[in-house]
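Engineer: What shape does this take:
(2 chains)
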Amino acid sequence: MSDQIPIHSADAVIVGAGPVGLFAVFELGLNDIKCHLVDILERPGGQCAELYPEKPIYDIPAVPICTGTELTEKLLEQIKPFEPVFHFGQMAEKLEKTPDGKWRLTTDRGTVIEAKVVVIAAGGGSFVPKRPPIKGIEAFEGKSVFYAVRKMEQFRDKTILIAGGGDSALDWTINLQPIAKRITLVHRRDEFRAAPDSILKMRALVAEGLMDLKIANIAAVNGVDGKINEVVLQEEGKQPHPLACDSLLAFYGLTMKLGPVANFGIDLHQNLIPVNTADFETNVPTIFAIGDINAYPGKMKLILSGFHEAALMAKKAFAYVHPDRRYRFQYTTSSSDLQHKLGVDAA
Amino acid sequence: MRIYCTDMEGNEHELQATEEWSVMEIIREGGLPILAQCGGSCACATCHVYVDPTWKSKLPEPNEEEVGMLDGAFDVTADSRLACQIIFNKNLDGLKIKLAPGSI
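Structural biologist: Model prediction:
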């Protein structure tokens, strides 16, 4: 049946593909635990990818300096032998027990993964679009106010207002301009932080009279039944004035929200997950939490803390995934067994 | 030394200030909620504050990176700054700021 949703089977499912989630693949892999990872971003790296891809990090042991992107690339190289399976661009939405005692994780895109253990390495939460603090905007969201474009066609012949000054705002301005009835780009200043080519294209469209550019803040949105009919713009030194439109696309970047993890049935304290420091298990056996999302006495939100937590977590996870086997402590330097798993043995 | 921080409800809080700390750290240490998601690396705009106009002239101008990052904040005005980019010193004793949308 083609419409049947395939159920992925894994030993462990990791929520979050940031540096700590990635390194967990390594520690679990050494313990013969195969991983699937879910991340709301379209690529690995978490905050390293989204917030500071080009900024330097100086406190990774034995790596005097690297950027967020470089750290992510190195981790991907390190975990390659363990063939992790990534599910990007989706949010871990629901966690439930199966009749045979496993966990079934379902994402907001309908991906289903079953695993014996769950590792929550979700950092500061899911990256979701920033929502403008405009009164009553919730009523329009998903109907005429959007923070992402899923289908371009829905904007054909629309009078669109696009807000923001980064790549998303400019890319969608340029891409939707040919099919929209009219596009107005609204940004708080007459400077843009985007690919130079996109800025040139946008400026050209404005110069040719094919779209409008307003330097303003959005003060209000008005409409009925979820359909906006105008946006009130506040230009510096002027009275607020309305601009008619039927769609608003707002691109102010992403922010981190805990999201559905809060409904997984595990204890939370101030949006963090309490764990014990012997194995970083939550109050629910077989669910672990590592990295910035966990809390314990003395916790420091450092990448290196998360790496340590991953190693101890993996030891306990081994007992759940391979209950019939005895845990063996080994060094990668000397163990031919581990070297075989890493694909670096002489054989 | 101290700063005065007005929260989103309009209540003013007197916070103990330490030289060379960022205003974001002073707010956080003072127990007020401030998201500051990137931890102070000028990468997220979730420590957006308004500086009282009478104090603006005592602060160095924001650099290009900070101004650019404010594109991801809301209700940005001429008084807008990122608190993580204001480094406290004794000349700022008594600084008045207000938390801005997106910071909590």
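Engineer: how near is A:Leu95 to A:Gln78?
Structural biologist: 28 Å (Cβ to Cβ, to the nearest Å). C-beta coordinates here come from the backbone N, C-alpha and C atoms, glycine included.
Engineer: more neighbours, these two?
Structural biologist: Between A:Leu95 and A:Gln78, A:Leu95 has the larger neighbour count (other Cβ atoms under 10 Å in any protein chain shown), namely 21 against 15.
Engineer: quick one: which helix or strand includes the residue lying closest to A:Ile174 once chain neighbours are set aside?
Structural biologist: Nearest residue to A:Ile174 in three dimensions, chain neighbours excluded: A:Lys201, at 5.2 Å (Cβ to Cβ, 6 or more residues apart in numbering or on different chains). Taking DSSP states H and E as the criterion, A:Lys201 maps to helix A:196-207.
Engineer: List the buried residues for that helix?
Structural biologist: A:Ser198, A:Ile199, A:Lys201, A:Met202, A:Leu205 (16 or more other Cβ atoms under 10 Å in any protein chain shown).
Engineer: of the residues you listed, closest to chain B?
Structural biologist: A:Ile199 (13.0 Å; Cβ to the nearest Cβ).
Engineer: Run the chain-centre distance for the helix holding A:Lys201.
Structural biologist: The chain centre lies 30 Å from the centre of helix A:196-207; the measure is Cα atoms, centre = their mean, to the nearest Å.
Engineer: ok, now stretch A:290-308?
Structural biologist: Centroid separation between stretch A:290-308 and its chain, computed with Cα atoms, centre = their mean, is 19 Å.
Engineer: Then stretch B:50-62?
Structural biologist: 10 Å.
Engineer: Give me the buried stretch members for that stretch, please.
Structural biologist: Quick answer for stretch B:50-62 (16+ other Cβ under 10 Å): B:Tyr50, B:Val51, B:Trp55, B:Leu59, B:Pro62.
Engineer: could you dump these to TSV with pLDDT?
Structural biologist: Listed next are those as TSV, based on pLDDT from 0 to 100:
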residue	pLDDT
B:Tyr50	97
B:Val51	98
B:Trp55	96
B:Leu59	95
B:Pro62	96
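Engineer: Can you show me the strands along the stretch 201-347 of chain A?
Structural biologist: A:212-215, A:217-224, A:227-234, A:241-244, A:247-250, A:254-257, A:273-274, A:287-289, A:294-295 (DSSP state E, counting those that start in this stretch).
Engineer: again, but for chain B
Structural biologist: B:2-6, B:12-16, B:48-51, B:80-82, B:96-99 (DSSP state E).
Engineer: Mind listing residues that contact the first one?
Structural biologist: When contacts are defined by Cβ atoms under 8 Å, 6 or more residues apart in numbering or on different chains, strand B:2-6 is touched by residues B:12-17, B:23, B:26-27, B:30, B:32, B:49, B:88, B:92-99.
Engineer: what does the second one give?
Structural biologist: Strand B:12-16 is touched from outside by B:Met1, B:Arg2, B:Ile3, B:Tyr4, B:Cys5, B:Thr6, B:Asp7, B:Ile26, B:Ile27, B:Glu29, B:Gly30, B:Leu32, with contacts defined as Cβ under 8 Å, 6+ apart.
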